[in-house]
Structures are given as structure tokens and as C-alpha cells.
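In: Task: produce atomic coordinates for the following.
(one chain, ligands or ions: 2)
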Amino acid sequence: MIVLGLEGTAWNLSASLVSDDEVLFEANSAYIPTSGGIHPREAAQHFASNVIGVIGEVLSSTDPRSIEGIAFSQGPGFGPCLRIVGTAARALALKLGVPLVGVNHCIAHIEVERWKTDLLDPMVLYVSGANSQVLSYRQKRYRILGETLDIGIGNCLDKFARSAGLRHPGGPKVERLAQESERYLPMPYVVKGMDFSFSGIATAAQEAMKSASLEDICYSFQETAFSMLVEVCERALSQTDKSDLLLAGGVGANKRLQEMLAIMCSERGARFFAPKTEYLQDNGAMIAYTGLLMLSNGVHTPITDSGANPNFRPDEVEVLWIKG
Ligand code: ATP
Ligand code: FE2
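Out: Residues are numbered from 1 along each chain as shown. Ligands and ions are numbered 1, 2, ... in the order given. Okay, the predicted model is just below:
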């Protein structure tokens, strides 16, 4: 089967063509704010100006008659952005006369990485801008075992970085500065059962700007926030007896986070997997591939149900493509 997928929840407008076993083509048009963070209306304007271009690139890479379905990111994400890709996907499906399928962006992050790592049933740590969750599959759903009680870790990093005068996205800049320090400043460590909270770290980091160096703050921010995530992942592994941990989402590109998770896994005899950055951050292939799994299992989205779903949670989706 060949499916065209459109991703456009926040910053990356991406169109991709996948078959059952490979990514055939991908075209991207990233929205990078010139100042401040991601502004939903400006991001949507960027998507509207470029969506015909990225789809055109994909269509010119193949015979459009070989495309058997159109997948699009239905949520979660910014409403104005979701409406642009949804409109484009509906128009394309109607024009080509093929089924349409709305994909949950969080599940797509997981499925593209399960595909690229060949993992059957991992524990998943999904950490991105807006989302931070620990998930595992059980009885036709990805269950959320733990999650942030306030903001996603990526947004927390980006916000702090902006307040320190660094340009968006802040995560990679904080990572670089943290490598210059090993001086730990205590920061609020908040884990409640399987859930966690980052807003206290954001406040403490801003407060520390009055007296500490940026390098020390970045180091302490990462050590505290990542330790919280490691603790929850370890508890999730021990309670479910799963033996693989998979890292998903844009913040997963952070080498210190990868290192800390790898140490925890090796100490408890579990395996740790972190795919390449191109599949960790938002990409069209993840939407196309998850759409392909859904379409192959008889799921499609009627036009009347294809509206944007900005608060779409992964456990709302019945997972019909995992057998047994
Ligand atoms: P979602 O809708 O899943 O929340 P998203 O729109 O946030 O997705 P992603 O590409 O999954 O997009 O993640 C982007 C986030 O990843 C940004 O907050 C960015 O700062 C963060 N990030 C990217 N690289 C790194 C890094 N090396 N270290 C820490 N954070 C990073
Ligand atoms: Fe994402």
C-alpha cells in the first residue's frame, strides 16, 4: 500500500509518501519564528502559503494514481494549523478518489519509531513541545501511565530559553549550554505517583538568573527534569515487566536524556532505543505510516468526522493494527 501523509500540528509542515516498508519521499517546510515562540496564527499562515508546494513536490515524485490513501494530523495541536492540513487533505482525497484518515499525532510519533526499531511492545517515553507522557500498549489502546500535570518539557525548555534571550527552539541551546557546567543548583523535583510537573523548574530557573550562570542553570534544569522522567519510566518498567524502553518526540534528541535513560535501562536489564532525530521530531512519514496501518485495518475517516481535534488524546484511539 502507498499512503501520502500530511503533518502540520505546530512547527513543521511535512508531506510524505510511504509504502509498507519504506519512506519513499518527504518534503518539509518548517516554520521558524523570527522572534518569540510559535505563534499559532503565523504558523498557520506559513502552512497555508507552503502546503501546495510540499504536496506538489510529493506528487511529482510519483504517479498520483499509485496513492491509495491520504492521512493527516488531526490533533493534538494548534487549531489554525490543523485546519490548514485538514482542508488540504480533504481536497486531495476527494480529487484522487481515495480514502481519508485522521491520525493522532502522539500515536504517530510512537508508530514511526516502532517501525524504525522493529520493537513489538515497548514502554514509551514521549517528550515533545506540548506533550510529556509515559505510554504502553494494552488491550487495543495506548494507555497513558503517567504524564505532565502542567506544561510539556519542550515548551518549558523553550520558554526558559526565550527568557534568557535565546532564539526558538530553546531545547538544543539549553543542551549545549548545559554541557559547559557540572554545578548543580537545587530545583523543584515534582513527581506525584506516575505524574510529574515542570512549571516549578521554569520558575526556579528564571529566579536563578539573578545570581547564577546560564550554564549552571541549564545543567541543573536538565538534570532535575530528566531525573523525574527517568524515575517514572523506571517505575513504569518495573510495574509492567516490559523489557524495552523507546524514546519518542522532539526532546528525545537530547543526548543527556538519552544517556540517563540508557543507564537506568542497563542497570535493570532492559533495552533502550532512541531513533534518529529525523524520526523523533515532527515529520510527515509518521503520519503517512500510521495512516497506512489504520487504512490496512479498515479504518478511515468520513469527511464529516474529519474536523480538527486540538485536544486529541492518544488513548481515545482504538488500536486495531496490533494483533494479539
Ligand atoms: P508535539 O505536538 O508532539 O508536542 P512538537 O510540535 O513539540 O510536537 P517536536 O518536533 O516533537 O514538535 O518537538 C519539538 C520540541 O523539541 C521543542 O520544544 C524543542 O525545543 C525540543 N527539542 C528539540 N531538540 C532538543 C534537544 N536536543 N534537547 C531538548 N529539547 C529539544
Ligand atoms: Fe510532535
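In: Please list all residues in contact with residue 63.
Out: Neighbouring residues of residue 63 by CB atoms under 8 Å, 6 or more residues apart in numbering: there are none. Just so you know, the C-beta spots here come from the backbone N, C-alpha and C atoms, and that holds for glycine as well.
In: And for the one 5 residues further on?
Out: Contacts of residue 68 were listed using CB under 8 Å, 6+ apart, and they are 1, 2, 3, 98, 99, 295.
In: please redo it, this time with the cut-off set to 7 Å
Out: 1, 2, 3, 98 (CB atoms under 7 Å, 6 or more residues apart in numbering).
In: Out of those, flag the one nearest to ligand 1.
Out: Distance to ligand 1, by CB to the nearest ligand atom, is smallest for residue 3 among these, at 20.3 Å.
In: Which pLDDT does the model give residue 66?
Out: Per-residue confidence at residue 66 stands at 98 (pLDDT).
In: if I read this right, it contacts residue 3, doesn't it?
Out: No - with contact defined as CB atoms under 7 Å, residue 66 does not reach residue 3; the gap is 10.4 Å.
In: just the helices in this structure please.
Out: 40-59, 79-96, 105-117, 153-163, 171-178, 199-208, 214-240, 255-267, 277-280, 284-296 (DSSP state H).
In: Residue 66 and residue 3: which has the busier surroundings?
Out: residue 3 (28 against 12; other CB atoms under 10 Å).
In: what sits against residue 279?
Out: Applying CB under 7 Å, 6+ apart, the residues contacting residue 279 are 112, 113, 116, 286.
In: any idea of the pLDDT on it?
Out: Reported pLDDT for residue 279: 93.
In: what does the one 4 residues further on give?
Out: Among the per-residue scores, residue 283 shows a pLDDT of 97.
In: try residue 119
Out: For residue 119, the predicted pLDDT is 96.
In: How much space separates it from residue 269?
Out: 16 Å (CB to CB, to the nearest Å).
In: And the two? Which one has more around it.
Out: Between residue 119 and residue 269, residue 119 has the larger neighbour count (other CB under 10 Å), namely 18 against 8.
In: Quick one: low-confidence residue ranges for the stretch 1-150 of the chain.
Out: Along the stretch 1-150 of the chain, no part satisfies pLDDT under 70.
In: How about the residues of the stretch 51-200 of the chain by ligand 2?
Out: residue 128 (CB under 5 Å from the ion).
In: So which residues on the stretch 51-200 of the chain come close to ligand 1?
Out: 77, 105, 128-131, 152, 154, 157-158, 169-172, 175 (CB under 6 Å from any ligand atom).
In: which one of the residues you listed has the most neighbours?
Out: So for those (other CB under 10 Å), the most neighbours sit at residue 157, 30 neighbours.
In: In space, what's closest to that residue - neighbours in sequence excluded?
Out: Excluding its sequence neighbours, the residue lying closest to residue 157 (CB to CB, 6 or more residues apart in numbering) is residue 171, at 4.5 Å.
In: what's the answer for residue 92, then?
Out: Residue nearest to residue 92 in three dimensions, not counting chain neighbours: residue 70, with 5.1 Å by CB to CB, 6+ apart.
In: Of all residues in the stretch 201-324 of the chain, which one is closest to ligand 1?
Out: residue 250 (2.0 Å).
In: and that residue, what does it touch?
Out: Applying CB under 7 Å, 6+ apart, the residues contacting residue 250 are 128, 129, 154, 280, 281, 282.
In: rerun at 6 Å
Out: Shown in contact with residue 250 (CB atoms under 6 Å, 6 or more residues apart in numbering): 128, 154, 281.
In: and if you look at residue 205?
Out: Contacts of residue 205 (CB under 6 Å, 6+ apart): 160, 217, 221.
In: how is this structure carved up into domains?
Out: 3-109+281-316, 119-278 (automatic domain parsing).
In: Going by neighbour count, which residues of stretch 18-34 are buried?
Out: 18, 23, 24, 25, 26, 27, 28, 29, 31, 33 (16 or more other CB atoms under 10 Å).
In: correction: stretch 30-49
Out: Those would be 31, 33, 38, 43, 44, 46, 47, 48, for stretch 30-49 by 16+ other CB under 10 Å.
In: Which of these sits closest to residue 135?
Out: residue 38 (24.0 Å; CB to CB).
In: what's the nearest residue to the residue of the stretch 1-150 of the chain found nearest ligand 1 if we skip its chain neighbours?
Out: Here the residue of the stretch 1-150 of the chain nearest ligand 1 is residue 129; by CB to the nearest ligand atom that distance is 2.3 Å. In this structure, residue 129 finds its nearest non-sequential neighbour in residue 154, 3.6 Å apart by CB to CB, 6+ apart.
In: Farthest from the middle of the chain: give me that residue.
Out: What lies farthest from the middle of the chain is residue 211; by CA atoms, centre = their mean that is 34.2 Å.
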